[in-house]
Structure formats: C-alpha cells, structure tokens
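J.: sequence and predicted structure are below.
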Amino acid sequence: VFAHVVQAPEDPILGVTVAYNKDPSPNKLNLGVGAYRTEEGKPLVLNVVRRAEQQLVNDRSRVKEYLPIIGLAEFNKLSAKLIFGAESPAILENRVTTVQCLSGTGSLRVGAEFLARHYHERTIYIPVPTWGNHPKVFTLGGLSVKTYRYYDPATRGLNFQGLLEDLGSAPSGAIVLLHACAHNPTGVDPTLEQWEQIRQLMRSKGLLPFFDSAYQGFASGRLDADAQSIRMFVADGGECLVAQSYAKNMGLYGERVGAFSIVCKSADVARRVESQLKLVIRPMYSNPPIHGASIVATILRDRDMYNEWTVELKAMADRIISMRHELFDALRARGTPGDWSHIIKQIGMFTFTGLNSEQVAFMTKEYHIYMTSDGRISMAGLSSRTVPHLADAIHAAVTR
Ligand code: LMR
C-alpha cells in the first residue's frame, strides 16, 4: 500500500550533516548546521551544564514522573524573566503565559497552531530570506505564509526601505515573524532605531509580532542586549508572541528545550490563553521532557551558575567573532576578489557569504566543505586550524 511513496529530499540544513557524515575525506569540514564547535572542532558541553547535571543526578529525591502539559513551572517562570527582563511589567502584572516546548521549532509550531485556532488573521509574514524551516512550520501549523523584504544582496545589509514598504502594505492584523537577534541566515539585524520604527509601524497597523529568539546571547554576547527588540514591543503594552530556544545559548541542542510565551493584555486573558495552549499540546506530544528543562532551571535559579553561564556564553560568542576576523584576514591575504567586510559586520552564528549554489557545490566537491546551498556558513563550526582551508576554497570558488 505504500509502493507509491516517493523519496523525499533531505532537509536543506540537517541534510548537509547527512552528506558530511558520508564523506570519507579526513579534511572534511561541516559548516552547515548552526552548532557550536570548539577550537578542536568538537561539540561543547558547557561546564555549567555539567555542574547542573551533576547536581540533578545527586538529588535522590528526583523522580521521572510526567511533567504537567505546559512543562516545568519554575523553568517557565525563569524563561520568561530571561527574555522579558526580571522587571518586565507584563510579568509583574501576570499578563504573560509561558509554556515549555520542544526547543525553538516546537515553540513556533505550538504558536502557529494556537494562532490558527484563536486568532482572526491567518497570514504570517516571514522575512526573505529566513530559516528554511519557518515556512514549513507555519504552513503545517495552519497559517498562510507571505513574505517581506529583508536582505539586500547588493549591500549585504538590511533592505530597510523594502521591509517598511512590505509591512506597511500588509493587511491590518497580519502576523509578522521577527528574528529577535542574530538573524538566520543573514547575520544582519536592524539597529535599535530601526527596531523602533518597525515597532511603531506594526503597532499603528495592528500587526501581531511573533519573535523567534534562538540566539539570545550570541549576537552581542550579552543576554539583556539581545532581548532588546522583544522588550521594546512588550514595553508598549501590546501583545506579542515569543519562541525561545536553549539549543545554542546553553548548548542543549539534543535536549530539545525551549519555551513559548504569549504576552496578553490582562492576567485574565493570559489564564484563558494558557488553558487553550494545553489543548494544542496534549494531543501533539502530551507533555514535554523533564531533563533539559531541569538543567535550565538549575542554572537560571542559582546566581553563581547563572554567572558562570554568561561567561561561557560570552566565550562562545567571542570565539565566533575571532573566526570572522581570521577568515576576513585570510581572504585579504589571498587577494580574493570582492569586498568581504560583511564577514566581520554580520553577527551571530552565521555568515551569509554571497557565494552562489554552484560555488558551494564546487567547494563541497573539491574541498569537502559542507554548507547550505544559499552560501550560509556556520562560523561556530570554524577554527584557526580550518580557516586557511576554507579561505583557499572560497578563493578557488570565486576565481575559477
Ligand atoms: C540552523 O539553522 O542551522 C539551526 O537552527 C539548526 C536547525 O535546526 O536547522
């Protein structure tokens, strides 16, 4: 009965790792998926995460019971504080509902399904380009996806005029997906002044902001600064949705730990919204896993561990920045044609190189360097040892 099923293509991002794993070359380099690697090219478990896990293991009173449908209560509270700020009026007025979800993707999906059931407008505007999974998550979640201009390939920066025009002509009430910081894949963020203009435009038109925050701490190295865009939208008293991930900033990729929040107009509305979120979650995966959320709660509740986390997070962000400089210098040293200053200007985990899909295919075939076909490279996968190899490959790709 399944004979008609056709072979599906690999995922454009996770499929890069599948291809990389099959390559026997000792020089192969995976710059596809956004996952942090050490200078030695190894995955990193943060020391503070190891400490938290040890503490959890030593606590014999811990059991493996089901969590409530919305997850670990303390995790939810601490996650809301982390993203909105401890002094956020929305939190103090109990207008925020936060539910533990399966990392950023799961949070986006729960948000989409909630909106499809309870919001009057089904259209969500996503930036061009955006994370490859966004359109699929929202479409399958029951929303209809439209786009707004974001990146300008000519300047390798923000197409702010295009963005304002497209959001300006969106129908009133439409949902708008915004990357809170460290835009994936471009590494290009609006300035705070531009965020303020976006906010004013969106509020004046009644557009509903849905933030994807997957990189808090990775843009500037500071957690509060990287939540600024969201906090501007909360400060004006309006509604706002946020999907939060701990994959990158705590290195908890495979633990699938994240949170979805809705800032409502009143505590009463927030309570009712939460009751409906439970109806979305229960038939989907019943309730979320306990381990990752317990690690996060252990770290966020303890001042000493929290401080250790911020130091380790900053070290990851700084290493990525130094990789940007090393790659830029290596291309300059080779006299590679083109202006590569965007490598040091862009922020977060990725550089949107401007290389086209043929050049990417060439680098994979000849240099065993794996990256997404849109020319995005994960700077977090690079090290001083591998920069020369990448620079040689880029040089060869653009001069052939
Ligand atoms: C990425 O963009 O590489 C990450 O967000 C990982 C993923 O799930 O695609």
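T.: That came in fine, so what should we check first?
J.: quick one: secondary structure of the residue in the stretch 1-150 of the chain positioned nearest to the ligand?
T.: Scanning the stretch 1-150 of the chain for the residue nearest the ligand gives G34, at 3.4 Å (criterion: C-beta to the nearest ligand atom). Any C-beta I mention is one placed from the backbone N, CA and C, and that applies to glycine too. Counting by DSSP: H, G, I helix; E, B strand; the rest coil, the backbone at G34 sits in coil.
J.: my guess is it contacts A182, does it?
T.: No - contact between G34 and A182 fails when scored by C-beta atoms under 8 Å: they sit 9.6 Å apart.
J.: which residues do the two both contact?
T.: 349-350 (C-beta atoms under 8 Å, 6 or more residues apart in numbering).
J.: thinking again about what came up before, report the contact partners of the residue of the stretch 1-150 of the chain closest to the ligand.
T.: Contacts of G34 by C-beta under 8 Å, 6+ apart are 184, 248, 349-350, 378, 380.
J.: switch to 6 Å and redo it
T.: 349, 378 (C-beta atoms under 6 Å, 6 or more residues apart in numbering).
J.: next one: the one 4 residues further on
T.: Neighbour list for T38: L44 [criterion: C-beta under 6 Å, 6+ apart].
J.: now I124
T.: Contacts of I124 (C-beta under 6 Å, 6+ apart): 138, 143, 145, 175, 177.
J.: mind listing what the third one touches?
T.: Going back to what we said before, that points to V145. So V145 contacts 124, 126, 135, 138-139 (C-beta under 6 Å, 6+ apart).
J.: what do you get for V96?
T.: 80, 90, 261, 263.
J.: surely the second one is within a strand?
T.: No - judged by three-state DSSP, A90 forms no part of a strand; its state is helix.
J.: what about it, neighbour count?
T.: Counted with other C-beta atoms under 10 Å, the neighbours of A90 add up to 24.
J.: do you know how far it is from R231?
T.: Remark: distance between A90 and R231 (C-beta to C-beta, to the nearest Å) = 10 Å.
J.: mind showing which ranges of the stretch 201-350 of the chain have poor pLDDT?
T.: For the stretch 201-350 of the chain, no stretch has pLDDT under 70.
J.: and the residue of it closest to the ligand?
T.: A214 (6.1 Å).
J.: burial count for that residue?
T.: Neighbour tally, A214, other C-beta under 10 Å: 28.
J.: quick check: it touching S245?
T.: Yes - look at A214 against S245 with C-beta atoms under 6 Å: they come within range, at 4.4 Å.
J.: joint contacts of these two?
T.: Joint contacts of A214 and S245 (C-beta under 6 Å, 6+ apart) are G104.
J.: in stretch 245-265, what counts as buried?
T.: 245-253, 255-264 (16 or more other C-beta atoms under 10 Å).
J.: is the ligand contacted by it?
T.: No - counting by C-beta under 6 Å from any ligand atom, the ligand has no neighbours in stretch 245-265; the shortest distance is 7.2 Å.
J.: list the contacts of that stretch.
T.: In contact with stretch 245-265 (C-beta under 6 Å, 6+ apart) are residues 44, 46, 79-80, 90, 95-104, 107, 110-111, 214-218, 234, 239-244, 270, 273, 292-293, 296, 313.
J.: tell me which of those fall in helices.
T.: Those of the contacts of stretch 245-265 mapping onto helices are 79-80, 90, 103-104, 107, 110-111, 234, 270, 273, 292-293, 296, 313, per DSSP state H.
J.: with adjacent residues omitted, what lies nearest to A259?
T.: S79 (4.0 Å; C-beta to C-beta, 6 or more residues apart in numbering).
J.: about what we covered before: between the contacts of V96, which is nearest R199?
T.: V263 (13.6 Å; C-beta to C-beta).
J.: phi, psi for that closest one please.
T.: Torsion angles at V263 (phi, psi; degrees, to the nearest 10) stand at phi -90, psi 120.
J.: beta partners of it?
T.: V263 has these beta-bridge partners by DSSP bridges: V96, C240.
J.: quick one: contacts for the residue most central in space within the chain?
T.: Geometric centre of the chain, nearest residue: A214, 2.5 Å, by C-alpha atoms, centre = their mean. By C-beta under 6 Å, 6+ apart, the residues touching A214 are 104, 245.
J.: host element of Q359?
T.: According to DSSP states H and E, Q359 maps onto helix 357-367.
J.: does P185 touch F350 like I think?
T.: Yes - with contact defined as C-beta under 6 Å, P185 counts as touching F350 (5.3 Å).
J.: common neighbours of those two, please.
T.: R376.
J.: separation between the residue nearest to T186 when sequence neighbours are not counted and M305?
T.: Once flanking residues are discounted, T186 sits nearest to F352: 4.4 Å by C-beta to C-beta, 6+ apart. Distance of F352 to M305, given as C-beta to C-beta: 34 Å.
J.: kindly report the same for S322.
T.: 26 Å.
J.: give me the more crowded residue out of those two.
T.: When neighbours are counted by other C-beta under 10 Å, S322 and M305 differ, and M305 comes out ahead with 18 against 14.
J.: from R334, how far out is the more buried one?
T.: 44 Å.
J.: what's the answer for V242, then?
T.: V242 is 42 Å from R334, by C-beta to C-beta.
J.: quick one: which of the two has more around it?
T.: Using other C-beta under 10 Å as the criterion, V242 and R334 rank with V242 on top: 28 against 15.
J.: check contacts around the more buried one.
T.: Per C-beta under 6 Å, 6+ apart, neighbours of V242: 83, 211, 213, 230, 261.
J.: if any of those residues are buried, give me the ChimeraX selection for them.
T.: In ChimeraX syntax, the buried subset of the contacts of V242 is picked out as below (16+ other C-beta under 10 Å):
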select :83,211,213,230,261
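J.: secondary structure added to the contacts of V242, as JSON lines?
T.: Output for the contacts of V242, formatted as JSON lines (three-state DSSP):
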{"residue": "I83", "secondary structure": "helix"}
{"residue": "F211", "secondary structure": "strand"}
{"residue": "S213", "secondary structure": "strand"}
{"residue": "I230", "secondary structure": "helix"}
{"residue": "S261", "secondary structure": "strand"}
